[in-house]
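# just to be clear, the model below is a prediction. Sequence and coordinates:
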Amino acid sequence: MFLGTHTPRLDDKGRLFLPAKFRDRLATGLVVTRGQERCLYVFPLETFTQIATDMQKAPTSSRAARDYMRVFLSGASDEIPDKQGRVTIPAALRQYAGLSKDCTVIGAGNRLEVWDSQAWTDYLAATEQAFSDQSDEVIPGLM
């Protein structure tokens, strides 16, 4: 499970240092793709493969399913981190997420999310109160 918040930087070549605690899990391959709220999702290759397989079970007659799969899968890029734990973020994905040098990488359970640090700060400011107020309504009986 991916947990925590980390603040690596993008280098001039568009490479991101993966947080050390996640490198072993991602060393054999990962997939970076568009996430929601203009962040990037980073999945271990095997997790992404399962998600993509499950997506293909959706009916192609559903326009919403087609649209979602098109956006999600067309932005996907499979990568293998280098020996220093860096992964290249393709230019189109950097642009989609508005990534600059300062990034925030958060653990989100089965994936990492990569955010522009200012966008993450703004998102947190806008959603923290709702998180506090709605815990029981969103996931009843969890805690």
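Noted; the coordinates are in hand.

# residue 39 is in contact with residue 119, correct?
Yes - with contact defined as C-beta atoms under 8 Å, residue 119 counts as touching residue 39 (7.4 Å). No exception for glycine: its C-beta is placed from N, CA and C like everyone else's.

# of those two, which one has the most company?
residue 39 (25 against 18; other C-beta atoms under 10 Å).

# who's in contact with that one?
97, 113-115, 119-120 (C-beta atoms under 8 Å, 6 or more residues apart in numbering).

# what is the neighbour count of the closest residue to residue 75 other than its chain neighbours?
Closest residue in space to residue 75, ignoring its immediate chain neighbours: residue 34 at 4.0 Å, by C-beta to C-beta, 6 or more residues apart in numbering. Burial of residue 34 is recorded as 18 neighbouring residues (other C-beta under 10 Å).

# kindly list the longest helix within the protein.
Counting by DSSP state H, the longest helix found in the chain is helix 117-138.

# that one - what's its average pLDDT?
For helix 117-138, mean pLDDT rounds to 83.

# try stretch 58-70
94.

# so how far is it off the chain centroid?
The chain centroid and the centroid of stretch 58-70 are separated by 21 Å, computed with C-alpha atoms, centre = their mean, to the nearest Å.

# residues in contact with it?
In contact with stretch 58-70 (C-beta under 8 Å, 6+ apart) are residues residue 55.
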